[in-house]
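> Here is a sequence together with a model predicted from it:
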Amino acid sequence: MLEGFKNFLGWVPEFLRLNNPRIRAQMRMLGLSMLVGLVAGLGAIVFQLATQMAFDCVMGQIVGYVPTHPAHEAAIDFLPKVTREFHPLLLLVVPAIGGLLSGLIVFRYAPEAEGHGTDAVIAAYHFHQGDIRARVPIVKTIASAITLGTGGSGGREGPIAQIAAGFGSVLGKMLKLRPAERRVLVAAGMGAGIGAIFRAPLAGALFASEVLYWSPEFEPDVILPAGIASVISYSCFGAAFGWDPLFAIPDLQFVNPLELGPYFLLAIFVIILAYLYTHTFYGMTRLFHSLKMPRALRPVIGGFITGAIGLALYYRLGHENRALAVISFGYGAIQDAILNDGSEGMVLLLAIALGKIVTTSATIGSGGSAGVFGPSMVIGGCGGGALGVLFHDWWPALVPHPASFVIVGMAGFFAAAAKTPFSTLVIVSEMTGGYQLLLPSLWVCLLSFMLSDRLSIYSSQVESRSRSPAHKGDYIRDVVEGIRVDRFVEPGQPLMLHPGDSVATVLKQLDSSRYFVLPVVDGEGRLLGVVDLEEAHLASSQPDLGRLVMVDDLMHGEIMPLVPNDELDRAMELFIENDLSALPIVNDLRDKKVIGMVRRFDIAGEYLKLVQDVPPS
């Protein structure tokens with residue numbers, strides 16, 4: 001019977017065999033991606049409620065400002081309706097106070113939470129092995145809700161991206177995942193957060209893979225986990241706030257190939273706007289960083305500038321409330337421009353676009369906590385709408401609906417500013433449901449990406465996978481494949497320490513060894529940890545302390561050793577994780593008896609030999 005059961009198992013398809021290593025790895029990543037997506041969706045709900053409540057309580061109940069919203073914006077019905085008369089002069093005070101509170105929180109508890117969160121996630125992916133401190137999501141939530149709720153110009157996507165990515169990082173560290181897996185969870189969290197908050201799950205998955213590079217390159221390892229996470233996060237958010245696209249649009253069509261001419265001019269126009277946006281943003285960031293004042297106080301100035309520009313436009317344009325789209329979210333300006341088909345007029349739309357460039361640069365460049373994607377939609381949409389109104393007056397047959405320029409302008413502008421043409425094309429289509437404009441949107445996105453300058457709104461992007469520090473090991477792996485660390489095990493026992501040894505014993509052993517790190521073992525030679533030469537010298541430099549300190553006090557116990565079958569690429573990963581110049585080699589991970597040592601220098605030397613076609617010795 002047993003033989004018959006084995007024969008039956010032979011007929012089971014490979015993808016159903018749970019003992020298949022590939023299936024186990026895929027199922028683990030599937031489960032982790034779903035968990036990250038769940039947290040991203042719940043985080044998006046909490047953050048949506050927090051920002052909206054903060055805005056209604058401060059800008060609504062105190063200032064008396066009630067903006068228009070996208071047609072399907074998540075509504076909060078349990079807050080009291082605003083009855084207070086609008087007091088525009090408070091715009092000079094409230095955003096500045098919000099900047100002060102946000103700055104004090106961020107720079108006291110998590111300075112990396114300043115600015116737009118998406119860029120910090122990209123930096124964590126490329127330069128920090130996917131490491132984000134656990135406190136960052138909490139600080140980012142509070143600080144961003146204050147910034148946006150008090151009138152600071154920004155979007156929700158950056159904070160929720162950093163919140164969800166931060167959970168992915170914490171989860172990866174808790175489960176002791178390899179850096180490569182932790183990076184994937186961080187990127188998946190970023191995509192899931194954006195997919196939820198903008199109701200664009202496909203775009204979230206593509207964005208997480210595309211935004212890491214400023215060249216036309218995707219991160220293939222990220223797409224599938226980010227897609228799974230985005231589906232879960234979007235489902236959570238949709239269950240709470242509905243399934244309709246964020247913006248409502250009229251029936252817009254592309255039916256005349258000659259319309260590509262005006263759309264080409266739109267691409268040139270949004271390239272100019274994107275150039276102004278990126279250069280103003282980084283110019284103002286450098287200006288604020290050069291100020292000789294506490295970092296926590298800089299957002300006060302940024303908030304004051306934001307409120308002053310909003311106030312100036314309000315009075316300059318004849319007490320026009322829609323001009324105040326330059327503060328806080330501003331999404332209502334896009335909805336108005338779409339549904340009114342540009343009837344607001346070219347001057348108002350252009351003023352909002354240019355004003356939003358300055359207010360976003362002031363808010364985030366000064367250290368305020370908010371996203372840059374949302375303002376980009378306002379800038380591109382209003383700028384495109386202004387050009388659409390002009391072209392409609394000149395060529396009504398070729399530009400029958402200025403609203404189409406609002407939608408396509410959003411896509412083209414961000415493709416130029418963020419170097420993400422394909423995910424931007426999809427996200428704008430999902431946000432508006434405007435799939436009939438896919439062709440002109442693709443046309444404008446590709447043109448604006450190809451013809452724009454190199455500067456991106458995300459400064460942490462790198463050119464390509466080959467330029468990313470996160471992937472340096474990939475290219476080493478190809479060279480050292482099949483070379484194992486057992487080649488570095490020398491005859492005889494390596495020098496070892498015991499927990500009760502004195503500092504003098506440590507220094508004596510280190511002086512007679514070619515390693516700057518020595519293993520610490522128990523009585524049976526099992527690994528307990530390692531001692532580093534630098535720390536031993538520090539202890540010996542203080543005579544009173546040196547007589548009291550033992551090896552047990554200096555030992556690093558939480559290290560992952562190598563085993564003889566490990567290949568050199570695995571050794572390089574562990575050198576990075578342990579941050580040591582040498583690592584012990586043990587017989588196996590269960591018994592952990594030390595049989596040798598290997599230096600990072602030895603691995604690098606072996607790699608250079610292989611690159612230069614010198615046969616391994």
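Structure's in. What do you need? Numbering: from 1, shown residues only.
> which strands and helices sit next to the longest helix belonging to the chain?
The longest helix of the chain (DSSP state H) is helix 21-55. In this structure, helix 21-55 makes packing contacts with helix 135-149, helix 157-174, helix 179-197, helix 220-241, judged by 3 or more C-beta pairs under 8 Å, 6 or more residues apart in numbering; DSSP states H and E. Bear in mind the C-beta positions are built from the backbone N, C-alpha and C, glycine included.
> Now do the buried residues in the helix or strand just after the last one.
In the C-terminal direction, the helix or strand that comes right after helix 220-241 (DSSP states H and E) is helix 260-290. Neighbour-count burial for helix 260-290, with 16 or more other C-beta atoms under 10 Å as criterion, is recorded at 260, 262-263, 266-267, 269-271, 273-274, 276-278, 280-282, 284-285, 288.
> what mean pLDDT does the longest helix of the chain have?
Across helix 21-55, pLDDT averages out at 86.
> what do you get for stretch 326-337?
90.
> Ok, stretch 137-147 next?
pLDDT averaged over stretch 137-147 gives 90.
> In contact with the residue lying closest to residue 195 once chain neighbours are set aside, which residues are there?
Distance criterion C-beta to C-beta, 6 or more residues apart in numbering; nearest residue to residue 195, sequence neighbours excluded, is residue 204 at 2.4 Å. Going by C-beta atoms under 8 Å, 6 or more residues apart in numbering, residue 204 touches 191-196, 198, 226, 229-230, 233-234, 427.
> Next up, the contacts around the residue sitting nearest the centre point of the chain.
By C-alpha atoms, centre = their mean, the chain has its centre lying nearest to residue 121, at 2.8 Å. In this structure, residue 121 makes contact with 132, 161-162, 165, 186-187, 189-190, judged by C-beta under 8 Å, 6+ apart.
> Just send these back as JSON lines, with distance to residue 441, pLDDT and neighbour count too.
What follows is those, written out as JSON lines (distance: C-beta to C-beta, whole Å; pLDDT from 0 to 100; neighbours: other C-beta atoms under 10 Å):
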{"residue": "132", "distance to residue 441": "33", "pLDDT": "88", "neighbour count": "31"}
{"residue": "161", "distance to residue 441": "23", "pLDDT": "87", "neighbour count": "34"}
{"residue": "162", "distance to residue 441": "28", "pLDDT": "86", "neighbour count": "33"}
{"residue": "165", "distance to residue 441": "27", "pLDDT": "91", "neighbour count": "34"}
{"residue": "186", "distance to residue 441": "29", "pLDDT": "93", "neighbour count": "32"}
{"residue": "187", "distance to residue 441": "25", "pLDDT": "93", "neighbour count": "32"}
{"residue": "189", "distance to residue 441": "27", "pLDDT": "93", "neighbour count": "37"}
{"residue": "190", "distance to residue 441": "23", "pLDDT": "93", "neighbour count": "37"}
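> which one among the residues you listed gets closest to residue 532?
residue 132 (26.4 Å; C-beta to C-beta).
> Look at that closest one and give its secondary structure.
What DSSP: H, G, I helix; E, B strand; the rest coil gives for residue 132 is coil.
> and the residue nearest to it when sequence neighbours are not counted, how many neighbours does it have?
In space, and not counting its chain neighbours, residue 132 is closest to residue 169: 3.9 Å by C-beta to C-beta, 6+ apart. Using other C-beta atoms under 10 Å, residue 169 is surrounded by 29 other residues.
> Pull the contacting residues for residue 169.
Going by C-beta under 8 Å, 6+ apart, residue 169 touches 124, 130-132, 182, 185-186, 189.
> how near is it to residue 101?
Counting by C-beta to C-beta, to the nearest Å, the gap from residue 169 to residue 101 is 26 Å.
> Select, from the contacts of residue 169, the two members most distant in space.
The most widely separated members of the contacts of residue 169 are 131 and 189, with 13.3 Å between them, by C-beta to C-beta.
> pLDDT score for residue 241?
Residue 241 is assigned 90 on the pLDDT scale.
> who touches stretch 123-131?
Against stretch 123-131 from outside (C-beta under 8 Å, 6+ apart): 132, 165, 168-169, 172-173, 179, 182-187, 212, 460, 462, 468-470, 576-577.
> Also stretch 449-460?
116, 118-120, 122-123, 126-127, 211, 214, 216, 267-268, 271, 274-275, 277-279, 281-282, 372, 376, 415-419, 421.
> at 7 Å instead, please
118-119, 122-123, 126, 211, 214, 271, 274-275, 277-279, 281, 372, 415-419, 421 (C-beta atoms under 7 Å, 6 or more residues apart in numbering).
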